[in-house]
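build me a model:
(one chain, ligands or ions: 1)
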Amino acid sequence: MKVLVVGGGGREHALVWKIAQSPLVEKIYCAPGNPGIARQAECVDIKVDDLDGLLEFAKAQAIDLTVVGPELPLTLGIVDRFRAAGLTIFGPDAKAAQLEGSKVFCKDVMAKYGVPTAAYGTFTEREEAVAFIRKHGAPIVVKADGLAAGKGVVVAQSEDEAIAAVDAAMLDKVFGEAGQTVVVEEFLEGEEASFIAFTDGKTILPLASSQDHKPAFDGDQGPNTGGMGAYSPAPVVTDEIYADVVKTVLEPLVEGMAAEGCPYNGVLYAGLMIKEGEVKVLEFNARFGDPEAQPLLARLKSDLVPVLLACAKEELAGVELEWHDKAAVCVVMASGGYPSSYEKGLPISGLDDAEKIDDLIVFHAGTALKDSAIVNSGGRVLGVTGLGDTVASAIDKAYSGVKAIDWPRVHYRTDIGGKALKR
Ligand code: AMP
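Purely as a prediction, here's the structure:
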């Protein structure tokens with residue numbers, strides 16, 4: 001088979017790395033890919049939102065399966081376009097991807113089908129949003145409706161901060177159209193976890209549990225990022241909670257989406273807040289988490305390709321997943337200054353030494369080639385992923401790789417996986 005993976009971050013490197021192990025696959029293309037991905041796939045210079053270019057390429061190369069990493073092409077309708085052209089593609093169509101593309105759609109579906117989530121209001125008028133904030137008080141959360149590259153959510157500690165967030169979205173239009181409607185919702189306390197499942201719109205096949213680390217600095221301090229590291233399994237998701245999430249979150253959601261006339265097909269990602277055994281959903285995403293994909297795919301024993309095909313062909317019933325009996329920890333190495341501004345083009349040393357370590361995989365995200373050297377080219381640069389018999393030994397393994405790698409002003413958290421050890 002010929003497979004096309006769309007995207008060029010750490011998540012897509014993990015997908016390519018896993019797909020490359022499938023005996024079913026002869027050739028992998030990745031658009032646009034990155035220098036790490038280029039070792040397992042042929043990278044083609046097509047942007048993820050260039051749907052015409054991607055479709056033309058897939059037709060010309062007679063691609064048997066296309067796997068979409070990021071949310072943007074999904075919300076733009078890549079799946080609809082490929083299916084209309086008779087191509088097999090893994091992911092939700094544009095209507096179903098609204099679950100991630102519109103916070104209002106997501107909250108309304110949750111409310112209608114009884115999925116536990118924070119109480120909320122939806123506003124297109126600034127004054128009404130302000131009145132809601134004044135009525136409910138702080139802390140309170142303001143969310144731009146549309147995609148805002150992970151920056152559209154403000155957890156406000158005061159009413160003034162919440163109103164400033166409303167003004168930034170609605171008056172200053174910092175998120176463009178995406179912020180013309182806002183959701184204001186109740187602040188939830190607890191510990192966050194990620195719950196990811198495959199579904200073909202009927203059958204649900206949950207993956208192992210995982211946990212991301214969004215804040216930039218140790219101890220969950222500093223601004224939120226795309227994710228500074230992740231690990232799996234996550235002990236906060238006990239067997240009881242796992243079963244509860246399938247029953248009270250995934251089943252009603254998948255049934256609800258079908259009832260709404262937009263059956264959900266692909267990876268369904270639930271961002272959870274867990275407090276004293278009680279689960280509420282913060283958001284749904286329409287794709288694998290990045291960096292959660294890195295430890296999850298590192299732990300997955302089953303061939304991924306038949307699972308992706310079964311979803312795309314709505315034949316997921318009876319498919320099972322096998323896992324390596326190991327924990328995995330991914331530490332993100334980022335450019336100094338991320339998530340704000342940072343310098344690019346700095347040469348990265350030690351990659352070869354890190355890659356010699358057993359049970360360690362260095363996934364590339366924001367890297368580029370400059371004069372045949374690998375340099376940083378994005379905020380999140382590498383996802384150094386270690387496997388171990390326990391989370392503790394996987395942490396040690398991942399950091400042994402991190403210590404081998406260096407570049408000027410590199411930044412990483414030193415406490416990834418620490419929450420699992422406290423339990
Ligand atoms: P979201 O994109 O909706 O998941 O929001 C991004 C991040 O904001 C989440 O990972 C949480 O850390 C935080 N967040 C979102 N909604 C809430 C909420 N209702 N209460 C507390 N924190 C929240």
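
export the helix or strand hosting K107 to PDB, keeping only CA atoms.
Using DSSP states H and E, K107 falls within helix 103-112. Extracted in PDB, the C-alpha atoms of helix 103-112 (Å, rounded to 0.1, in the frame of the first residue of the first chain):
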ATOM      1  CA  LYS A 103     -16.600  25.400  20.700                       C
ATOM      2  CA  VAL A 104     -20.300  26.400  20.500                       C
ATOM      3  CA  PHE A 105     -21.200  23.300  18.400                       C
ATOM      4  CA  CYS A 106     -19.200  21.100  20.800                       C
ATOM      5  CA  LYS A 107     -20.800  22.500  23.900                       C
ATOM      6  CA  ASP A 108     -24.300  22.300  22.400                       C
ATOM      7  CA  VAL A 109     -23.900  18.700  21.300                       C
ATOM      8  CA  MET A 110     -22.600  17.800  24.800                       C
ATOM      9  CA  ALA A 111     -25.500  19.600  26.400                       C
ATOM     10  CA  LYS A 112     -28.100  17.900  24.100                       C
END
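
next secondary structure after it?
By DSSP H and E, the next helix or strand past helix 103-112 is strand 120-123.

for the next helix or strand after that following strand, packing partners?
Using DSSP H and E, the helix or strand that follows strand 120-123 in sequence is helix 126-136. For helix 126-136, the packing partners by 3 or more CB pairs under 8 Å, 6 or more residues apart in numbering; DSSP states H and E come out as strand 120-123, strand 140-144, helix 159-170, strand 182-186. The way it works is simple: take the backbone N, C-alpha and C, and place the C-beta from them, glycine included.

using a markdown table, lay out those together with mean pLDDT and mean neighbour count.
Shown next, in a markdown table, are those (pLDDT from 0 to 100; neighbours: other CB atoms under 10 Å):
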| stretch | mean pLDDT | mean neighbour count |
| --- | --- | --- |
| strand 120-123 | 96 | 20 |
| strand 140-144 | 94 | 24 |
| helix 159-170 | 95 | 20 |
| strand 182-186 | 96 | 23 |
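
format those as JSON lines; extra columns: distance to V246.
Conversion of the helices and strands packed on helix 126-136 to JSON lines gives the following (distance: least, CB to CB, whole Å):
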{"stretch": "strand 120-123", "distance to V246": "24"}
{"stretch": "strand 140-144", "distance to V246": "26"}
{"stretch": "helix 159-170", "distance to V246": "34"}
{"stretch": "strand 182-186", "distance to V246": "24"}
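
make a markdown table out of the ones you listed and add distance to the ligand.
Below are those laid out as a markdown table (distance: least, CB to the nearest ligand atom, whole Å):
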| stretch | distance to the ligand |
| --- | --- |
| strand 120-123 | 8 |
| strand 140-144 | 4 |
| helix 159-170 | 12 |
| strand 182-186 | 5 |
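
out of these, flag the one nearest A328.
strand 140-144 (30.6 Å; CB to CB).

ok, the closest one: who's next to it in the sheet?
strand 153-156 (antiparallel), strand 182-186 (antiparallel) (DSSP bridges).

touching that strand from outside, list them.
The contact list for strand 140-144 (CB atoms under 8 Å, 6 or more residues apart in numbering) reads 103, 118, 129, 133, 152-156, 159, 162, 165-166, 169, 175, 178-179, 181-187.

now K143: how far from F132?
K143 sits 13 Å away from F132, taking CB to CB, to the nearest Å as the criterion.

likewise A354?
A354 is 50 Å from F132, by CB to CB.

do G219 as well
To F132, G219 is 32 Å away according to CB to CB.

who has more neighbours, these two?
The residue with more neighbours, out of G219 and F132, is F132; 19 against 10, by other CB atoms under 10 Å.

hang on, isn't that one packed against G121?
Yes. Taking contacts as CB atoms under 8 Å, F132 lies within contact range of G121: 4.8 Å.

quick check: neighbours shared by those two?
Contact with both F132 and G121 is made by residues V184, according to CB under 8 Å, 6+ apart.

which bits of this structure sit near the ligand?
For the chain, the contact set with the ligand under CB under 6 Å from any ligand atom comprises 118, 141, 143, 153, 155, 185-188, 192, 214, 271, 282-283.

neighbour-wise, which one of those leads?
Of all the residues of the chain next to the ligand, K143 has the most neighbours under the rule other CB under 10 Å, reaching 26 neighbours.

ok, now how distant is the residue in the stretch 201-350 of the chain positioned nearest to the ligand from R81?
Nearest residue of the stretch 201-350 of the chain to the ligand: E283, at 3.6 Å (CB to the nearest ligand atom). E283 sits at a distance of 26 Å from R81 (criterion: CB to CB).

D45 against P32, yeah?
Yes. In terms of CB under 8 Å, D45 counts as a neighbour of P32; the distance is 5.6 Å.

between these two, which is the more surrounded one?
Legend: neighbour count by other CB under 10 Å for D45 and P32, higher for P32 (16 against 9).
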